[in-house]
Structures are given as C-alpha cells and as structure tokens.
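Peer 1: Kindly return the folded structure for what I paste below:
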Amino acid sequence: MATTYILIVILSLFFILLLSGSRRRQTEVAKPVRGDDLDVWPFMPRNFMTDAEVRFFHQLKQAVPEFLIFSQVGLSRLIECSDEEDEKFWFNRINRMSVDYVLVDRDAQHVLVAIELDDWSHDHAGRMKADLKKDKALISAGIPMVRFHGEKYVSAAKIRQELLHALDQRQKWLNEMQTAAYH
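Peer 2: Residues are numbered from 1 along each chain as shown. The predicted model follows:
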C-alpha cells in the first residue's frame with residue numbers, strides 16, 4: 001500500500017512538472033534573430049563629410065588644383081611599418097586612425113601631405129594625445145601634417161601657402177634622408 005502512495009506521489013509530481021514546463025514554453029517570447037541571420041542589417045547611409053569638411057574640401061580644391069585630394073583616409077592606407085618583427089604592434093597603434101584629407105601627386109602614387117580640419121573637440125586632452133600619435137606616425141614616414149582650425153575661415157590663398165610650405169619642408173627632409181643614405 002505504501003508503494004502505491006509513493007507511486008501516486010511520483011506520478012503526480014511528474015505531471016505537475018510536465019504541465020508547468022509546457023506553460024512556460026507557451027509564454028516564452030521567441031528570441032529575436034541577431035547578426036548574420038538577419039535578412040537586412042540595421043544600417044542606413046550617413047553623410048560622408050560634415051558641412052565644415054565639405055566647405056573646406058572645396059577651398060582645398062581651389063587652393064591646390066594641381067594635386068589630387070582624397071578625404072577620410074585611414075592611416076593604414078597611407079603608411080606601413082618598416083619593422084617586420086613588430087609590424088602588428090605598430091599597425092595596431094594606427095589601425096583606427098584616419099585623416100580628413102590627403103594631398104597626393106597626379107599619378108596617385110605618393111601621399112605628399114596629410115591635412116586635418118580641427119574643431120573644438122581637438123581641445124580635449126584625450127583627443128590631443130591621439131592627434132600627437134597621428135602626427136608622430138605620419139611625420140616618421142615623411143608625410144607632413146598640416147592642421148587648420150575648422151571654425152575659422154581660411155582663404156584658399158592661405159591654404160595654398162601653408163601646403164606649399166609643408167611640401168617644401170617635406171622635400172628638404174627627403175633630400176636630407178637621401179644624403180644620409182649615401183654617406
């Protein structure tokens with residue numbers, strides 16, 4: 001008789017658990033589809049440049065029409081590490097950095113000058129540190145950095161003057177490097 005009661009209790013518990021499990025499954029909300037399984041990803045187009053960057057781009061084209069100008073270029077497309085052993089370390093230092101514009105020769109092979117249009121955000125300590133790293137990486141590769149303040153109007157003539165000066169300094173640096181290589 002005691003065995004019958006134990007069997008009834010066990011069967012009762014089994015049915016209670018079975019029913020509660022099916023109720024829980026009915027009330028569970030299906031998990032949303034994420035990542036690669038989505039038919040359409042949650043992206044939309046955005047403006048390529050800010051209004052200030054577009055205005056400055058037109059000023060640049062007017063200032064130096066004899067050069068090609070590219071915008072929003074990643075540093076890893078402009079420079080590479082000369083130290084093969086530590087290449088990954090140095091690549092990671094510049095991997096997510098970009099410059100607003102680059103001045104390139106007509107054959108589109110040589111980056112001549114990097115150009116940044118700085119706004120108020122470049123006054124913060126963290127941004128200043130990142131700017132110094134960016135400048136150091138480019139200058140180490142022989143690419144001068146010219147910075148203009150985005151909130152101030154700069155004439156095409158002034159832009160041209162600054163860029164030609166940077167090109168002159170770059171050429172002097174290249175000449176010194178060649179001279180040092182021959183001695």
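Peer 1: how much space between residue 49 and residue 58?
Peer 2: Between residue 49 and residue 58 the distance is 11 Å, computed by Cβ to Cβ, to the nearest Å. For every residue, glycine as well, the C-beta is placed using N, CA and C.
Peer 1: higher neighbour count, the two?
Peer 2: Legend: neighbour count by other Cβ atoms under 10 Å for residue 49 and residue 58, higher for residue 49 (15 against 10).
Peer 1: Strands along this protein, start to end?
Peer 2: Ranges of strands within the chain are 68-74, 98-104, 111-118, 145-149, based on DSSP state E.
Peer 1: pLDDT score for residue 125?
Peer 2: With respect to pLDDT, residue 125 scores 73.
Peer 1: and if you look at residue 183?
Peer 2: In this model, residue 183 carries a pLDDT of 68.
Peer 1: what do you get for residue 17?
Peer 2: pLDDT, residue 17: 70.
Peer 1: I'd like to know how many residues surround it.
Peer 2: Neighbour tally, residue 17, other Cβ under 10 Å: 10.
Peer 1: now stretch 162-176: mean pLDDT?
Peer 2: Summarised as a single mean, pLDDT over stretch 162-176 is 90.
Peer 1: how about residue 147, what does it touch?
Peer 2: 115-118, 131 (Cβ atoms under 8 Å, 6 or more residues apart in numbering).
Peer 1: Kindly state the beta-bridge partners for residue 115.
Peer 2: residue 101, residue 146 (DSSP bridges).
Peer 1: Surely residue 138 and residue 79 touch.
Peer 2: Yes: look at residue 138 against residue 79 with Cβ atoms under 8 Å: they come within range, at 6.7 Å.
Peer 1: In terms of packing, which of those two has more residues around it?
Peer 2: Shown here are residue 138 and residue 79; by other Cβ under 10 Å, residue 138 has more neighbours (23 against 18).
Peer 1: Which one of the strands of the chain lies nearest to residue 158?
Peer 2: The closest of these to residue 158 is strand 145-149. By Cβ to Cβ, the value is 8.8 Å.
Peer 1: Fine, thanks again, bye for now.
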